[in-house]
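Colleague: Requesting a structural model of the entry that follows:
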Amino acid sequence: MLCSQVLTLLGFASYAVTLNTLQQEWHLSNFQSGFIASIFFFGYIGFVSCATVLTDRLDARKIYLVGVFIEFIGLIGLATMTNGFYSALFFMFLNGAGVAGAYMPGLKIITDRVKTGELTRYISFYTASFGIGVGFSYLLSGFILKLLNWHYVYGVIAVGPLLAGAIVYFLIEPLRDKKWQGKLNLHWRDIFPIARWKLVLENKDASTYIWGYVVHSLELFASRSWLVAFFLICAANSDQSFLLSGTESASLINFFGVPASILGNEIAIRIGRKKWIYTAMILSTIFGILLAMSIGQAWWLVMIFAVLHTLFIMADSATLTAGLVTSTSDQLKGAAMGLHSMMGFGGGLLGPSIFGFVLDVSGGQQQPVAWVFAYVSIVIWGCIFVAYHVRRKIIA
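Modeller: Numbering: from 1, shown residues only. Got it, this is the predicted structure:
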C-alpha cells in the first residue's frame with residue numbers, strides 16, 4: 001500500500017513544478033495560479049465524503065480502484081486537452097477527486113486488514129509515505145519538464161495511478177467477510193452524513209484533531225504549491241549560485257518530511273499528542289517566517305530554514321490522523337475519516353489561493369516583502385489554533 005500511495009501522488013506536485021511556465025504561457029495572475037492549485041482540493045472535497053462513507057459499506061479496495069482511474073483521466077486531460085485557465089480548472093478538479101478516492105480509502109484498506117500490533121504506527125508510515133510521493137513528484141516532474149515540456153509532465157505522470165491500481169488489484173486480497181458482500185443501498189444522506197458528522201464533532205478530542213488538520217493542511221499545501229516559485233525568487237535575488245534547482249530543492253525538502261511525520265508520532269505517544277501538536281505548530285510558524293525573510297541570503301541558509309519549516313509542518317501530520325482514528329468509535333470511524341479528510345483538504349483548498357492573493361496585493365513575486373506577508377498569511381493559523389485551545393484549557 002505504501003508503494004501504491006507513492007504512485008498515486010506522483011502528480012501531486014506537477015502543477016507546482018509547472019506553475020511558472022503555465023503562468024507565463026497563459027498570462028495568469030498570482031491569484032489565478034493559486035486558484036488552479038486550490039481547485040485540486042475542491043475536487044478532493046467533492047468526492048472524499050462519498051468515497052469514505054462507501055468504505056463503511058464496501059471493501060475500500062473497490063473505491064480505491066475507481067479513484068485511481070479518475071485520477072488518470074484528470075492527468076491525461078491536463079496533458080492533452082488543457083489550453084488555459086478554465087480547462088486547467090476542470091482537469092485539476094478531476095485529479096483532486098481521484099486522489100480523494102485513493103488516499104483515505106487506501107488507509108481504510110490497511111485499517112480493515114490490520115488486527116494486531118500498534119495501529120498508529122501503520123497509520124504514521126502510511127501518512128508519511130505521502131511525503132515520499134510528493135518528493136518524487138517534484139523530482140520526476142522537474143526532470144521531465146527540463147527534458148521535454150509541461151504536456152509530457154502530466155502525460156508521463158499519468159502512468160502512476162494506473163500502476164497503483166494494478167498493485168492493489170493483484171496484490172491486495174478482497175475482504176471475504178459477509179459484511180462487505182451485501183447489497184449496497186445508498187442515500188444522499190449517506191454521502192453527506194451530517195448527523196454522524198455532528199456526533200464526531202461532539203467528541204472534543206476528535207474535533208480538536210480535525211480542526212488541527214485543517215490548520216496543518218492550509219499551511220502545508222500552500223507551502224508546497226509555491227515552494228518551487230519561492231526558490232526561483234531566492235536564486236534570482238542571491239549573489240551566490242544555488243547548488244540545486246528549484247524542483248530539486250523542493251523534492252529534497254519533502255523527503256525530510258517523511259521521518260518527521262513518523263518520529264513525530266513516536267514523540268507524541270511518549271509526551272502526549274496534543275502537547276506535541278501545539279509545539280510543532282508554534283515551531284513551524286517561527287521557521288516559516290524565517291524562511292520568507294531569507295530571500296537574498298546564501299543558499300545554505302535558505303535550505304536550512306526550508307528544511308526546518310517542513311520538519312515542523314510534518315511533525316504533527318501522522319499524530320493528527322492517528323489521534324482522530326483512535327479517539328473515534330468503530331461505528332463512526334469511516335464518517336470521521338471522511339470529515340477529517342474533507343475539512344483538512346478544505347484548508348488545502350484555501351491555502352494556495354490565500355498565498356497567491358496576498359502575493360498580488362503585497363506587490364507581486366518580485367518583491368521580497370510580499371513573500372513575507374504571504375508566508376505570514378498561512379502560518380498564523382497555527383498560532384491561533386494553539387492559543388484558542390490553550391486558553392480553553394486554562395479557563396476549564
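Colleague: buried stuff in the lengthiest helix in the chain?
Modeller: The longest helix of the chain (DSSP state H) is helix 204-236. Neighbour counts over helix 204-236 (16 or more other Cβ atoms under 10 Å) mark 206, 208-235 as buried. Every C-beta, even on glycine, is put in place using the N, C-alpha and C of the backbone.
Colleague: where does the stretch 51-200 of the chain dip in pLDDT?
Modeller: Scanning the stretch 51-200 of the chain with the threshold set as pLDDT under 70 gives 115-121, 177-191.
Colleague: Residue 249: what's it in contact with?
Modeller: Listed by Cβ atoms under 8 Å, 6 or more residues apart in numbering, the contact partners of residue 249 are 227, 231, 242, 303, 306.
Colleague: Lowest pLDDT pick from the residues you listed?
Modeller: Ranked by pLDDT, the contacts of residue 249 bottom out at residue 242, which has 79.
Colleague: Next, that residue: secondary structure please.
Modeller: Three-state call for residue 242 (DSSP: H, G, I helix; E, B strand; the rest coil): coil.
Colleague: tell me the phi and psi of it?
Modeller: phi -90, psi 140 (degrees, to the nearest 10).
Colleague: thinking again about what came up before, gap between the longest helix of the chain and the chain center?
Modeller: 8 Å (Cα atoms, centre = their mean, to the nearest Å).
Colleague: Name the nearest residue to the spatially most central residue of the chain, sequence neighbours excluded.
Modeller: Nearest to the geometric centre of the chain sits residue 221, at 5.6 Å (Cα atoms, centre = their mean). Excluding the flanking residues, the one nearest residue 221 by Cβ to Cβ, 6 or more residues apart in numbering is residue 348, at 3.7 Å.
Colleague: Next up, identify which helix or strand the one you found is on.
Modeller: Following DSSP states H and E, one finds residue 348 within helix 333-361.
Colleague: In the helix or strand that that helix is followed by, which residues are buried?
Modeller: Toward the C-terminus, helix 333-361 is succeeded by helix 368-395 as the next helix or strand (DSSP H and E). Within helix 368-395, the residues that count as buried by 16+ other Cβ under 10 Å are 368, 370-375, 377-379, 381-382, 385-386, 389.
Colleague: cool, stretch 276-296 as well?
Modeller: Residues of stretch 276-296 classed as buried by neighbour count (16+ other Cβ under 10 Å): 276-292, 294-295.
Colleague: Please flag which of the residues you listed sit within helices.
Modeller: If you go by DSSP H, the buried residues of stretch 276-296 have 276-292 in helices.
Colleague: relative orientation of whichever strand or helix holds residue 45 and helix 204-236 in degrees?
Modeller: Assessed by DSSP H and E, residue 45 sits inside helix 30-54. Interaxial angle, helix 30-54 versus helix 204-236 (axes from the mean of the first three to the mean of the last three Cα atoms, to 10 degrees): 150 degrees.
Colleague: Please state the offset of the very next helix or strand once past helix 30-54 from the chain centre?
Modeller: Following helix 30-54 in sequence order, the next helix or strand is helix 60-80 (DSSP H and E). Relative to the mean C-alpha coordinate of its chain, helix 60-80 is positioned 17 Å out (Cα atoms, centre = their mean).
Colleague: now the angle between helix 60-80 and the next helix or strand after helix 60-80, please.
Modeller: Scanning forward in sequence from helix 60-80 by DSSP H and E, the next helix or strand is helix 85-113. Put simply, helix 85-113 runs at 160 degrees to helix 60-80, going by the same axes, to 10 degrees.
Colleague: can you pull the contacts of the nearest residue to residue 228 once chain neighbours are set aside?
Modeller: Residue nearest to residue 228 in three dimensions, not counting chain neighbours: residue 246, with 4.3 Å by Cβ to Cβ, 6+ apart. Contacts for residue 246 (Cβ under 8 Å, 6+ apart) come out as 142, 227, 228, 229, 230, 231, 232, 235.
Colleague: same check, this time on residue 268
Modeller: Counting by Cβ under 8 Å, 6+ apart, residue 268 touches 275, 276, 277, 316, 319, 322, 323.
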